[in-house]
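# quick one, what's the 3D model for this:
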Amino acid sequence: MKLGLAALLASLALLAAGCGKSKPPSAADWANGVCSALSTWKTSITSAVDSVQGGNVTKDSVKSAADDAKTATNTLTDDLKKLGKPNTNAGAQAQQTVDQLSTQVSDGVDTIETTVKSITDVSSGLAALPTVSSTLKTLNDQITAAYKTLSNLDPGGELQKAFQSAPDCASFRKSQ
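A predicted model of the protein is given here:
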């Protein structure tokens, strides 16, 4: 009886120790998660940009677009952090690439936000557009570069195959 109770308690302790710890995502789940987060961010940014390209540019519309970009970026960085490190040989390198991209995207949106804060009228709003546009282009280039890095980290391996087959990565594969 005591032995059975001890075994039961030991089993419960092992089970409890495992609670709260999630296993690392598979390469396929991780690649899909990365591409999904990036696609969602790009869609949000495109929408924010489109909202101020309609010809009716006001300080409020530009500020609203910048706020939308900041929200989208916070969501992106949170989503990427939640993914953790993929369970592959190149997992640490992949995580490092994603962390670097998160920093680049946050820095770019901070640049846009700072530029937008300096807008006082339509004239300064129009003057801010080249900085915003070039920053968005740089961000797009950084995302493309990060995708290429991630999809080539593990040549012929699990991670590369995951990026080549993940449904949410299809738009990135087309743009290469």
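
# mind checking how far Val109 is from Gln142?
12 Å (Cβ to Cβ, to the nearest Å). For glycine as for every other residue, the C-beta is placed from the backbone atoms N, C-alpha and C.

# neighbour count: the two, which is higher?
More crowded of Val109 and Gln142, by other Cβ atoms under 10 Å: Val109, with 24 against 17.

# report the secondary structure element holding that one.
Per DSSP states H and E, Val109 falls inside helix 91-117.

# what's the next secondary structure element after that helix?
helix 122-152.

# by contact count, what packs against the helix or strand following that following helix?
Downstream of helix 122-152, the first helix or strand assigned by DSSP H and E is helix 158-165. Helices and strands touching helix 158-165, by 3 or more Cβ pairs under 8 Å, 6 or more residues apart in numbering; DSSP states H and E, are helix 27-52, helix 122-152, helix 170-174.

# between the longest one and helix 27-52, how big is the angle?
Helix 122-152 runs at 170 degrees relative to helix 27-52, counting by axes from the mean of the first three to the mean of the last three Cα atoms, to 10 degrees.

# may I see the buried residues of helix 122-152?
For helix 122-152, a neighbour-count test (16 or more other Cβ atoms under 10 Å) marks 125, 128, 132, 135-136, 139, 142-143, 146-147, 149-151 as buried.

# ok, now the first one?
With burial defined by 16+ other Cβ under 10 Å, the residues of helix 27-52 counted as buried are 27-28, 30-39, 41-42, 44-45, 48, 52.

# would you mind getting the angle between the next helix or strand after it and helix 122-152?
Later in the chain than helix 27-52, the nearest helix or strand by DSSP H and E is helix 59-83. On the basis of the same axes, to 10 degrees, helix 59-83 is oriented at 20 degrees to helix 122-152.
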